[in-house]
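Asker: Predicted model follows, preceded by the sequence.
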Number of protein chains: 2
Amino acid sequence: MNEERGNQMKQYQMMELSFHAGEPVGSQALVDLNAVFTKDGVSISVPGFYAGGGVYKVRFYPREAGLYQWKVSGIIEASGEELCEASRDGHGMVKANGTHFQHEDGTMYLPFGTTVYALLHQEKALTDETMGTLSRSPFNKVRFCVFPKHFDYNHNDPEYFAFEKTEGKFDVHRPCFVFWDAMEQRLAELGKMGIEADLILFHPYDKWGFATLPREDCLVYLDYATRRLSAFPNLWWSLANEYDLLDKSMDCWKEFARYIAAHDPYGHLLSNHNFIRFWDFANPETTHVCIQDKNVEEVKKWTKKYNKPVIYDECGYEGNTAQSWGNLSAFEMVNRFWTACVCGGYCTHGETFVNEEEILWWSKGGTLKGESPARIGFLKELLYSFPGPVTYLDDGKSPDPEMMEQMKGQEIPGVTDNPMFQAIARLPKEDLERLVASFRNISGHYGDEIFIKYFERMCAGKGTMELPDTGKYKIEVIDVWEMTRKTALEGVNGTVEVELPGKEGIALLAVRM
Amino acid sequence: MNEERGNQMKQYQMMELSFHAGEPVGSQALVDLNAVFTKDGVSISVPGFYAGGGVYKVRFYPREAGLYQWKVSGIIEASGEELCEASRDGHGMVKANGTHFQHEDGTMYLPFGTTVYALLHQEKALTDETMGTLSRSPFNKVRFCVFPKHFDYNHNDPEYFAFEKTEGKFDVHRPCFVFWDAMEQRLAELGKMGIEADLILFHPYDKWGFATLPREDCLVYLDYATRRLSAFPNLWWSLANEYDLLDKSMDCWKEFARYIAAHDPYGHLLSNHNFIRFWDFANPETTHVCIQDKNVEEVKKWTKKYNKPVIYDECGYEGNTAQSWGNLSAFEMVNRFWTACVCGGYCTHGETFVNEEEILWWSKGGTLKGESPARIGFLKELLYSFPGPVTYLDDGKSPDPEMMEQMKGQEIPGVTDNPMFQAIARLPKEDLERLVASFRNISGHYGDEIFIKYFERMCAGKGTMELPDTGKYKIEVIDVWEMTRKTALEGVNGTVEVELPGKEGIALLAVRM
């Protein structure tokens, strides 16, 4: 047995212990290896894994600086201690904090994600190109799959898969170490760029059998994945892409969620992505809402229902595919980002411009061609300039069915005597709900410091903001496409009316002076 | 008693008999006057009305040329005969014909309507200007109200109302003859321009009491209106604008529909317009579907459900109001027209550009300022160039919940063994319905002669048309905003793939050569 020191232990960074020993007998995934890290009397138990070539590894993610004792047991018996330096530049894992996200050190994190499903399954030169593009892009999260993708524009087999084959069949007990090493290299590179890796564990676009692995095999795969990957700070678990297209029961998905939560010592973010049927985000292991849907203004509904952060992780792609899912205009992509973000949620980008090489960003990566990323970057810069995250602001102008029911019996001058109130109050419940749903109020705020209102495709010539009656605000008119900010008023408060240019894609921003 | 000859009787034109007698005793609306017109042994009974100033009138609309005997009885006793000339230029009333409209002589009529709610309640100079604008516009239908409108941008009282006041209260038994004469003059002018008058009988935007007339008064009003107006060929009855905002029961509205149908001898088109809750278009007196809603692609749903023509009579307005109902971009207005029309339905325009004079086209008329009418005219010209009306074309690519249910038990190679089919077949019914609703297929056809497909805001770089395997077609790429038609292919059939410019607002047209 041999022990090798990993990297110098630093707060918020993965450290690794590496040992040499013989090949495991039987499963190469389910090896008997465990480590306990102890600091100030508090112990964290982490499993180790077999990394191939007679190498066993234990990875640990230290949340705190200080002196750690570690003790490895099982196939390897070893112990030692390590001084963990305090972080100078890292901020720690991203966690949910109410309906928003933040790093462990309290730094605000606003996800501006993109999508490269088959990032890991392309030739190295292309993946390198993709990483270069990401480094120059505004995106700070990327959704990608462990398993390769078989779908339109995706007809190339990868060189390596997550498992080796035994008797012609992929065998979860024989991880393909080259694949996992390569994946981890990309995870680490993304981490250095400040990009969160939203790792998709299952998906339906399959011809190799990964989508139909038996339950027991899935658990072995999840076991191995959690052993290897949990110590990566920038990792998010996405149970699946379009989970409802896979032939697994809800109980099965919930078991997977519990399994991951039990085997990931650090509580990485975890969610599940739908085709049509939204995941049950009330699920206790689910940390945030992850939705495929174009109705991004429903951020407010899901935020209220689940009290968790909401990401529209798929709302369409900027591109020109013949298929309807991939031909949004750049403006519409930007429009959806603004709508989701101003309502206190988040949105994810994707790009699908068809080309002869069949290298579409949304699955294979390469180079971005669209016009939306620059505008998404403009929005990101704006939101990061605020002192805190934007939360939905109800303007109180949309009729509240419950409140109206209560008011019906009363006589409130100026309200219940208004014929329009009476007319709306007479509507049957389902019609009232349709009416409420039709009211578009895309407004957000951060405390009393920031108010923001987005007019979507409405070409209003005037906009109103309801600001606090105290304090002085500066009002800017923002053109989300032209990326311009023009000061309209300064030193105002209360109800403020502002001239607007009467075109699509306009926002009003009020910042307390 | 005096008899005056009306205009020379012509097929498809209103003729009028006019008589002098004393003022009616009691109600000026419910006068005892009836006429019977007989030709070739077939009699049509029509009521007359009091027109003020001791004048009584009987109006008749002859569908057929030939010799008519007429006999007037009641307050006036008279008879005569009239030779009705065959029409040389008129085409007769517009009627529903299946899910489309046509004139009585079989000429195709495609409604391209606009909206000027308070057309009748403005100063003469403004109404004259409106009529001039209409005459130069593409619109061949206009929605307007009998009663004046009290709402945002509508604060001016009209000079005349439909009734005079008795003891300070509007009295349905005392029609304001100046008002009715002026309204009829506008109806006649519209008729000469080939514009259908979609006359709105009730609406909620009221401060004078017309919205809350007692049932008996409503029936008197409808009685008088049907007596006076039924013989106008270009008249449509719209029970209400936003009927569901008025405090009347569904039974009441159905009684009104029956009442009008019973009192209008010619069976003018009749429908009812909603705020939120769509009217029950299965109602036997209702001739067509009239909807306020922005989801114009649902034309196909309502066409199938009711087997009547479908008009989205209110889908938003081109303009720049601060209120969300009136600030569509011109492109979006045009987009909605194309979507509705290609799906085999119809759409109605409106315009709301705010100005200091508060003269917004949608209620007061004046001059059109927007950019959509020219594009609507382009679409109208295109559709009128076809040999018949466009009907929705199901592309068969949207999963059919019922069919999938049937297929589940079977083994159909290439279908039931497809993992995507299996996945979709596993979806619960409500999710499958959401999925079906998300499929956008905006396609129409006229027999095998015309196929048209509209891509809405999809920026596809390629489009496919499924044409018959026989016949030769010419394919054009249409830019609905630029109003250009470019020939892409000639002499093709079967499944045809066409390069598209990858921008919003593109249509493909295939015309059999």
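Answerer: Yes, it's here.

Asker: Nearest residue to A:Glu104 in space, please, no chain neighbours.
Answerer: A:Gly92 (2.8 Å; CB to CB, 6 or more residues apart in numbering or on different chains). For every residue, glycine as well, the C-beta is placed using N, CA and C.

Asker: Next, find the distance separating the one you found from B:Tyr50.
Answerer: For A:Gly92, the distance to B:Tyr50 (CB to CB, to the nearest Å) stands at 87 Å.

Asker: can you check A:His273 too?
Answerer: 71 Å.

Asker: do A:Asp105 as well
Answerer: 86 Å.

Asker: Of these two, which one has the most company?
Answerer: More crowded of A:Asp105 and B:Tyr50, by other CB atoms under 10 Å in any protein chain shown: B:Tyr50, with 24 against 13.

Asker: Show me the domain layout of chain A.
Answerer: Per automatic domain parsing, the structural domains of chain A span A:2-84, A:94-384, A:391-512.

Asker: Spit out the contact partners of the residue nearest to A:Glu104.
Answerer: Neighbouring residues of A:Gly92 by CB atoms under 8 Å, 6 or more residues apart in numbering or on different chains: A:Gln11, A:Tyr12, A:Arg63, A:His103, A:Glu104, A:Asp105, A:Pro233.

Asker: dump the residue contacts of the first one.
Answerer: The reference is to A:Gln11. Going by CB under 8 Å, 6+ apart, A:Gln11 touches A:Pro62, A:Arg63, A:Glu64, A:Ala65, A:Cys84, A:Glu85, A:Ala86, A:Ser87, A:Gly90, A:Gly92.

Asker: Quick one: low-confidence residue ranges for chain A.
Answerer: A:1-7, A:419 (pLDDT under 70).

Asker: and which of the contacts of A:Gly92 is nearest to A:Asn295?
Answerer: Nearest to A:Asn295, judged by CB to CB, of the contacts of A:Gly92 is A:His103 at 29.8 Å.

Asker: for that closest one, which residues make a bridge with it?
Answerer: A:His103 forms beta bridges with A:Val94, as assigned by DSSP bridges.

Asker: now it: how far from B:Glu499?
Answerer: 48 Å.

Asker: can I assume A:Trp279 is in contact with A:Thr286?
Answerer: Yes: with contact defined as CB atoms under 8 Å, A:Trp279 counts as touching A:Thr286 (6.9 Å).

Asker: between the two, what contacts are shared?
Answerer: Residues touching both A:Trp279 and A:Thr286 (CB under 8 Å, 6+ apart) are A:Ser271, A:Asn272.

Asker: picking that back up, tell me which entries of the contacts of A:Gly92 lie within strands.
Answerer: Using DSSP state E, the subset of these located in strands is A:His103.

Asker: among the contacts of A:Gly92, which ones are buried?
Answerer: Among the contacts of A:Gly92, the ones that count as buried by 16 or more other CB atoms under 10 Å in any protein chain shown are A:Gln11, A:Tyr12, A:Arg63, A:His103, A:Glu104, A:Pro233.

Asker: Over in the stretch 151-300 of chain A, which residue gets nearest chain B? Let me know.
Answerer: Proximity to chain B, evaluated over the stretch 151-300 of chain A using CB to the nearest CB, is greatest for A:Leu245 at 3.8 Å.

Asker: number of nearby residues for that residue?
Answerer: By the criterion of other CB under 10 Å, A:Leu245 has 22 neighbours.

Asker: you'd agree it is up against B:Ala423?
Answerer: Yes: in this structure A:Leu245 lies within contact range of B:Ala423 using CB under 8 Å: 3.8 Å.

Asker: okay, and the common contacts of those two?
Answerer: Joint contacts of A:Leu245 and B:Ala423 (CB under 8 Å, 6+ apart) are A:Pro204, A:Phe275.

Asker: three-state assignment of A:Cys218?
Answerer: Following DSSP: H, G, I helix; E, B strand; the rest coil, the label given to A:Cys218 is helix.

Asker: Can you name the residues that contact it?
Answerer: A:Cys218 makes contact with A:Val172, A:Phe202, A:Phe256, according to CB under 8 Å, 6+ apart.

Asker: Specify which member of the buried ones among the contacts of A:Gly92 is nearest to chain B.
Answerer: Using CB to the nearest CB, A:Pro233 comes nearest to chain B of the buried ones among the contacts of A:Gly92, at 34.4 Å.

Asker: Mind listing the residues bridging to A:Asn34?
Answerer: A:Pro47, A:Ser73.

Asker: For it, list the residues it contacts.
Answerer: By CB under 8 Å, 6+ apart, the contact list for A:Asn34 reads A:Ser45, A:Val46, A:Pro47, A:Gly48, A:Val72, A:Ser73, A:Gly74.

Asker: which non-adjacent residue is nearest the first one?
Answerer: In space, and not counting its chain neighbours, A:Ser45 is closest to A:Val36: 5.1 Å by CB to CB, 6+ apart.
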